[in-house]
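Asker: sharing a model that was predicted from the sequence below.
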Amino acid sequence: MTTFKTWDGLELSYRVWEGEGTPVVLQHGVVADTGANWIGMGVVRALQAAGHTVVSLDARGHGRSEKPHDAARYSWAAMAKDVRALYDELGLDEVVQVGYSMGGVISLLVTAADPRVKKLVVGGIGSGVIDCGGIDRRVIDVEDLQAAMTGDGAAAPPTARMFRILADAVHADIDAIKAVAKGLDEEPIKTLDDITVPALVLAGAADPFAAEPERLAAALPDGRAVVVPGDHLMAVADPGFSAALIEFLKA
């Protein structure tokens, strides 16, 4: 992976797979990274097989990017600026922005602010964007996620403990993830009116974090929803997820 200095000096890691056409930029979910969210789940392989140029960013606090333990270094706005800084770093004029879970909210913010985004794909989120301004706080909140990253995480509710299992699997920096959770304790989405590009909402049928994806798609000017088998962690691995993404890119 390659690194660059983002807008506030943090060193972030990204990877590029060369192909054809408009680059597809991937932003992973909380705790995960490029490997866990996109490579291991077969999404990068499927996009490569379809001939696409693929770019994936490890968000601040995740993967191989720098991981400060200060919550002040984390916010939705900061992470959205990181994605746009990567566009600048690579000299990208047009992109397809793809995000999952945390990365889906980030991708909504990026798309609303940056005309370089020509298509948008979000997964792992649903009506929580409309009703809660971002991540669905009816399912998980910052205290739940921080509890999962404290001790062995046993005190956290089941919906949060799954993220501790993931954190241990990817050898995440637990203190950085706690700082991320605190820094993202806000409702970043005030309106979806600034998003005008074609959008695809992908959701797992058993994903409580992505309830009512049709409502989110309907709130976007040119949105559509596709539901695939799987829960929050495994929907990305279902072949239907990558198939729907690639079909959307063809349209």
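Answerer: Thanks, I have the structure now.
Asker: can you give me the helices for the stretch 51-200 of the chain?
Answerer: Using DSSP state H, counting those that start in this stretch, the helices assigned to the stretch 51-200 of the chain run over residues 76-90, 102-113, 128-132, 142-148, 158-169, 174-183.
Asker: now the fifth one: buried residues?
Answerer: Pointing back at helix 158-169 there. Across helix 158-169, burial judged by 16 or more other Cβ atoms under 10 Å covers Thr159, Ala160, Arg161, Met162, Phe163, Arg164, Leu166, Ala167. The way it works is simple: take the backbone N, C-alpha and C, and place the C-beta from them, glycine included.
Asker: might one say that Lys81 is in contact with Thr6?
Answerer: Yes. Counting by Cβ atoms under 8 Å, Thr6 is a contact partner of Lys81 at 7.4 Å.
Asker: of the two, which one has the most company?
Answerer: Thr6 (23 against 18; other Cβ atoms under 10 Å).
Asker: ok, of the buried residues of helix 158-169, which one's closest to Val44?
Answerer: Nearest to Val44 among these, counting by Cβ to Cβ, is Leu166 at 18.3 Å.
Asker: give the contact list for the residue lying closest to that closest one once chain neighbours are set aside.
Answerer: Ranked by Cβ to Cβ, 6 or more residues apart in numbering and with sequence neighbours excluded, the top spatial neighbour of Leu166 is Val31, at 4.9 Å. Counting by Cβ atoms under 8 Å, 6 or more residues apart in numbering, Val31 makes contact with His62, Phe163, Leu166, Ala167, Val170, Ala172, Ile177.
Asker: let's go with 7 Å and repeat that
Answerer: Phe163, Leu166, Ala167, Ala172, Ile177 (Cβ atoms under 7 Å, 6 or more residues apart in numbering).
Asker: assign a three-state SS to it, would you?
Answerer: Secondary structure for Val31, judged by DSSP: H, G, I helix; E, B strand; the rest coil, is coil.
Asker: how close does it get to Leu233?
Answerer: For Val31, the distance to Leu233 equals 10 Å [Cβ to Cβ, to the nearest Å].
Asker: any shared contact partners between those two?
Answerer: By Cβ under 7 Å, 6+ apart, the residues touching both Val31 and Leu233 are Leu166.
Asker: figure out which of the helices of the stretch 51-200 of the chain is closest to Phe248.
Answerer: When the helices of the stretch 51-200 of the chain are compared by Cβ to Cβ, helix 102-113 sits nearest Phe248, at 13.8 Å.
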